[in-house]
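**Student:** no sequence for this one, just the structure:
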């Protein structure tokens, strides 16, 4: 079996990428009312974004991959926003996730959020993989920001590391 190429990131790498994203979002003139994080990967980037774009964070939980990291037939809601109508209707939403891989999860979440009639919606991802996407960004989404564009390789985020020292070492070796 062929070894999958891996790309390792440190927390510092992530912080720098989020800061760059925040600058791009602010420069665009988009000022969200609320940040919505897709869990679990979007939690940490959304929290770092809050440092630069001081807005409340709401979270949604979606499951698209099984225990073997294989895609399911469709994303499933695990957790959703309470009192969604009052929190999203006529609001400017910044949707945050860590990676745009197949785009299926983003499409699902965007369609769900758009059904609650926000005034404007923008997407921010840390990493967009250069590959054919199965999902699409629906009409009604006003903007898309990606911190970095990467080849289609396995991304190893620091929050997934069992041994953070090994993660740091692997990230420094690939530089």
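**Tutor:** Okay, I see it. What you see is a predicted model, and the numbers here were worked out from it, not measured in a lab.

**Student:** most centrally placed residue in the protein?
**Tutor:** residue 97 (0.9 Å; CA atoms, centre = their mean).

**Student:** for whichever strand or helix holds it, packing partners?
**Tutor:** Under the criterion of DSSP states H and E, residue 97 resides in strand 92-100. Other elements packing on strand 92-100 under the criterion 3 or more CB pairs under 8 Å, 6 or more residues apart in numbering; DSSP states H and E are strand 34-39, helix 43-52, helix 104-114, strand 120-129. Every C-beta, even on glycine, is put in place using the N, C-alpha and C of the backbone.

**Student:** make sure the residue nearest to the centre of the chain is actually in contact with residue 39.
**Tutor:** No - the criterion here is CB atoms under 8 Å, and residue 97 misses it with residue 39 at 9.2 Å.

**Student:** give me the low-pLDDT residue ranges for the chain?
**Tutor:** Residue ranges of the chain with pLDDT under 70: 1-2, 61-66, 69-72, 74-86.

**Student:** reformat the helices and strands packed on strand 92-100 as CSV; add distance to residue 164 and mean neighbour count.
**Tutor:** Shown next, in CSV, are those (distance: least, CB to CB, whole Å; neighbours: other CB atoms under 10 Å):
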stretch, distance to residue 164, mean neighbour count
strand 34-39, 21, 22
helix 43-52, 13, 19
helix 104-114, 26, 20
strand 120-129, 18, 23
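
**Student:** what sits against the nearest residue to residue 137 once chain neighbours are set aside?
**Tutor:** Spatially, and ignoring its direct neighbours in sequence, residue 137 is nearest to residue 144 (6.0 Å; CB to CB, 6 or more residues apart in numbering). Residues in contact with residue 144 (CB atoms under 8 Å, 6 or more residues apart in numbering) are 122-123, 137.

**Student:** what does residue 161 give?
**Tutor:** Residue 161 makes contact with residue 167 under the criterion CB under 8 Å, 6+ apart.
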